[in-house]
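# Provided below are the primary sequence and the corresponding predicted coordinates.
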Amino acid sequence: MIYNLYGGYPVGFGSWLGGLKNEIGIRLRPNLIELKVVIRRVGGDPLSLLGAIIVLFFVSIGLLTPLLARPSHGVDPYICPYDGPTMGEFKIYPPPSPPSPEHPFGTLQGFDIYYGCIWGTRTAFRVGSIVILIALALGLSIGCVAGYNGGLIDELLMRFADIFFAFPGLLLAIVLVVALPSVWPVTLGPISFAVALSQLDKLVLALALVGWPSYARVIRSEIFRVKQEDYVEAAKAIGCSGRRILVKHILPNSMYPILTMAFLNFGKTVLFAATLSFLGFGPETGYADWATIISHSRNWIVTTPQDPFRFSFTWITPSMFIFAFILGWSLLGDALRDIMDPTLRRT
Amino acid sequence: MRLISYIVRRLLFAMPTLLGLSLIIFYTTTFFPPRQRVRLFISERQYQNPWGPDPVPALIEKYHLNDPFFIQYTTWLREVLRGNFGYSHSYNKPAVNVILRFFPATLELIIFAAPITIFGGYKLGVLSAKRAHRKGLHGDVVDYVTRTITTMGYSLPSFVLGLLLLVIFYLVLGWVQPGRLSIELQTFVSSPTSGWVSYTGLLTIDGLLNGRADISLDALRHLVLPVIILVTQNLAILTRITRSSMVGELVKPYMVTAKAKGLDEENVIGHAKKNSLISVLTVSGVLFASMLTGVVVTEYIFLINGVGSLVVKAASDLDFVLLVDVSLLFCVIFMLFSLIVDIAYAYIDPRVKP
């Protein structure tokens, strides 16, 4: 059964599409049809549906964060509330305490794990989206310059991007996190000031610097494809400037794949950031970040070898959060990739 | 002969990448003050003589550390080509010696993990694609299970899986202790009077060469869990790629031709297998990089003294000399790997001429 690749479709499918055609049979709003097909296909496959539900679940946690875990007034909401002995300014970290009514997931070194997990969702979304935005901006500008100019500039820029592919990203990110200075002096004409980078900022910057080349490569090849189109030729013929052609004609028609790619990369980016946090290059102790909590609870596993599950609550809950988050994104990503792949699609 | 000229050509093409990477890596070190960057250039502990005059300003002058970037870079490159890779302050040794001591553990890990990943991932992918092909896009139970397992493996962060296995097998079941060898054997191996000769640095092989099969066996037992972690992470990538490229091949017109000629199922699949290998080769670079990444996390969790845990330790000690050298090492390894991949391309795809 060689041709039975597309799976079965409900009988009413064609008529459903037909509703979006005009009198002479031209399809109206192809984007809308596309979206409906995507939603229908995601809903039809249990694994894809599970992915979509998990992602929606995390999005709603991210939106409702302040209601689920109320931050105390006047302090950075991303720092978990500390419940333990202090000596003046300094905290004396107590051993982890098991789950109790006031700390549903227990505490780790005095910091509330429930709060960390809930606000960690926001951290994950924040880190993921900022990394992707910076990487996208970098990749887009470099890819545009390379793709639109072609020739020697293209060759040089793409060889530069290739360097990043020839190297394990984690190692480069570690090197960058170590090397980036915490205070970055900026001089803009007469004004000079210093930008202070926290450890998390450095991590985000390092991830973006590692991540841009894949976007640059995709946008470049898209621009190469779109450059050949008749409307670009027409725009050139009526005397549009190069910048106008690029911004008004080429970019809108070549953005779609790179945006899809950025969306699909979200889970991977968060996982990458989590790995770096786990290795100890993440934010400081007590910051609401899943991998930071796991990283610190690792110390308590190693120090109690006679009863290794004694402090397991400190790392099992945040681990489940990370696992579910990445799982949701990769299930959804798989589904979208299968649906959008033109070689594997419906008739 | 043609193959040799091909290899030489590929190596020449790889040079700019290597140079570019060294440029980027060296640039990152310029964020450190010159007094620390001297360590990149010296090979002995020549700057900490408490009785003599401070030698650092002279060294800074000698290696042009206050000069423009490109002068510094060429000076450094000359030193590197001369075989001087700098001095690690956290280990108080020349950086090369440190890396050479840590490298065999990583090599051993990869030697065991890579073949399992490649064969296992490829087989699983082909199996899954065959089922998917036979039963429509989403396949039957086997495809479903394969897909679920690989997605799980891909989504479960290696550090979470590592911690879980570490706690269950090492601490609860008391199977072995973290590290490369049990403590008493480790003391035996590292003591200078025991007569232990380190031929390759790979404990499993050295054990046999020294006539101590128990050490080989112990090293092997310590390798099982780290290898499982490495394999599960990368198996998923390979399986997914193989599956999707196989599924893509199976609907191409030549498959219909093969079927119309009356070939049996196995032969038809065989056609697709060979063509799907091409895209598997294309992603093998990504796979390799991901394996090196996995090595860092795995070694960190299982306390294996390899290059991966060296990187983490060096980074937390701000020992950038080691980071620079390990980066160069990884890049060279990666170049050699892509060379092998290129040769394999020529072997598999008749359109690519060496």
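That came through, no problem.
# now the strands: where do they sit in the stretch 51-200 of chain A?
Along the stretch 51-200 of chain A, counting by DSSP state E, counting those that start in this stretch, strands occupy A:86-87, A:90-91, A:107-108, A:111-112, A:183-188, A:191-196.
# Mean pLDDT for these - can I get that in a markdown table?
Listed next are the strands of the stretch 51-200 of chain A as a markdown table, based on pLDDT from 0 to 100:
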| stretch | mean pLDDT |
| --- | --- |
| strand A:86-87 | 78 |
| strand A:90-91 | 78 |
| strand A:107-108 | 82 |
| strand A:111-112 | 86 |
| strand A:183-188 | 79 |
| strand A:191-196 | 83 |
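# Would you format these as JSON lines with distance to chain B and mean neighbour count included?
Every C-beta, even on glycine, is put in place using the N, C-alpha and C of the backbone. Formatted as JSON lines, the strands of the stretch 51-200 of chain A follow (distance: least, C-beta to the nearest C-beta, whole Å; neighbours: other C-beta atoms under 10 Å in any protein chain shown):
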{"stretch": "strand A:86-87", "distance to chain B": "26", "mean neighbour count": "8"}
{"stretch": "strand A:90-91", "distance to chain B": "21", "mean neighbour count": "12"}
{"stretch": "strand A:107-108", "distance to chain B": "14", "mean neighbour count": "29"}
{"stretch": "strand A:111-112", "distance to chain B": "19", "mean neighbour count": "25"}
{"stretch": "strand A:183-188", "distance to chain B": "9", "mean neighbour count": "10"}
{"stretch": "strand A:191-196", "distance to chain B": "14", "mean neighbour count": "10"}
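# Adding distance to residue B:278, write those out as JSON lines.
Shown next, in JSON lines, are the strands of the stretch 51-200 of chain A (distance: least, C-beta to C-beta, whole Å):
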{"stretch": "strand A:86-87", "distance to residue B:278": "62"}
{"stretch": "strand A:90-91", "distance to residue B:278": "57"}
{"stretch": "strand A:107-108", "distance to residue B:278": "49"}
{"stretch": "strand A:111-112", "distance to residue B:278": "51"}
{"stretch": "strand A:183-188", "distance to residue B:278": "45"}
{"stretch": "strand A:191-196", "distance to residue B:278": "47"}
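# Among the ones you listed, which comes closest to residue B:63?
strand A:183-188 (25.0 Å; C-beta to C-beta).
# Test my guess that residue A:286 contacts residue A:80.
Yes. Between residue A:286 and residue A:80 there is a contact under C-beta atoms under 8 Å: 5.2 Å.
# Now the common contact residues for those two.
Jointly contacting residue A:286 and residue A:80 under the rule C-beta atoms under 8 Å, 6 or more residues apart in numbering or on different chains are residue A:111.
# between the two, which one's more packed in?
Higher neighbour count among residue A:286 and residue A:80: residue A:80, with 29 against 23, using other C-beta atoms under 10 Å in any protein chain shown.
# Chain neighbours aside, what residue packs nearest to the more buried one?
Nearest residue to residue A:80, sequence neighbours excluded (C-beta to C-beta, 6 or more residues apart in numbering or on different chains): residue A:111, at 4.0 Å.
# any idea how far that neighbour is from residue B:270?
58 Å (C-beta to C-beta, to the nearest Å).
# residues from the stretch 151-300 of chain A in reach of chain B?
A:159-160, A:162-163, A:165-172, A:174-181, A:267, A:271, A:274-275, A:278-281, A:291, A:294, A:298 (C-beta under 8 Å from any C-beta of the partner chain).
# Now with 6 Å, please.
Counting by C-beta under 6 Å from any C-beta of the partner chain, the positions of the stretch 151-300 of chain A adjacent to chain B are A:163, A:166-168, A:170, A:174-175, A:178-179, A:181, A:271, A:278-280.
# Show me the beta-bridge partners of the residue nearest to residue A:80.
Counting by DSSP bridges, residue A:111 forms beta bridges with residue A:82, residue A:108.
# Let me see the contact set for it.
A:80, A:82, A:286 (C-beta atoms under 6 Å, 6 or more residues apart in numbering or on different chains).
# same check, this time on residue B:104
Residue B:104 is in contact with B:201, B:202, counting by C-beta under 6 Å, 6+ apart.
# tell me which element it falls in.
Using DSSP states H and E, residue B:104 maps to helix B:95-134.
# which parts of that helix are buried?
Neighbour counts over helix B:95-134 (16 or more other C-beta atoms under 10 Å in any protein chain shown) mark B:95-96, B:98-99, B:101-110, B:112-114, B:117-118, B:120-122, B:124-134 as buried.
# tell me the mean pLDDT over the helix or strand following it?
Once helix B:95-134 ends, the next helix or strand along the chain (criterion: DSSP H and E) is helix B:141-155. Averaging pLDDT along helix B:141-155 yields 77.
# what's downstream of helix B:141-155, the next helix or strand?
helix B:158-165.
# The closest residue to residue A:158 other than its chain neighbours: neighbour count?
Spatial nearest neighbour of residue A:158, chain neighbours left out: residue A:146 (5.8 Å); criterion: C-beta to C-beta, 6+ apart. Neighbourhood size, residue A:146 [other C-beta under 10 Å]: 25.
# Likewise for the one 10 residues further on?
By the measure other C-beta under 10 Å, the count of residues near residue A:156 is 12.
# so what secondary structure elements neighbour the host helix or strand of residue B:314?
If you go by DSSP H and E, residue B:314 is part of helix B:307-316. Here helix B:307-316 touches helix B:95-134, helix B:265-301, helix B:320-348, going by 3 or more C-beta pairs under 6 Å, 6 or more residues apart in numbering or on different chains; DSSP states H and E.
# how about CSV for those, with mean pLDDT added?
As requested, the helices and strands packed on helix B:307-316 are exported to CSV (pLDDT from 0 to 100):
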stretch, mean pLDDT
helix B:95-134, 87
helix B:265-301, 84
helix B:320-348, 86
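# With distance to residue B:71 as added columns, please give those in TSV.
Shown next, in TSV, are those (distance: least, C-beta to C-beta, whole Å):
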stretch	distance to residue B:71
helix B:95-134	22
helix B:265-301	32
helix B:320-348	18
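# Please identify which of those helices is closest to residue B:66.
Closest to residue B:66 of the helices and strands packed on helix B:307-316 is helix B:320-348 (C-beta to C-beta; 18.3 Å).
# Report the rounded mean pLDDT for the helix ranked longest in chain A.
Longest helix in chain A, counting residues (DSSP state H): helix A:113-149. What helix A:113-149 shows for mean pLDDT is 92.
# tell me which residues of it are tucked away?
A:113-125, A:127-128, A:130-132, A:134-136, A:138-140, A:142-148.
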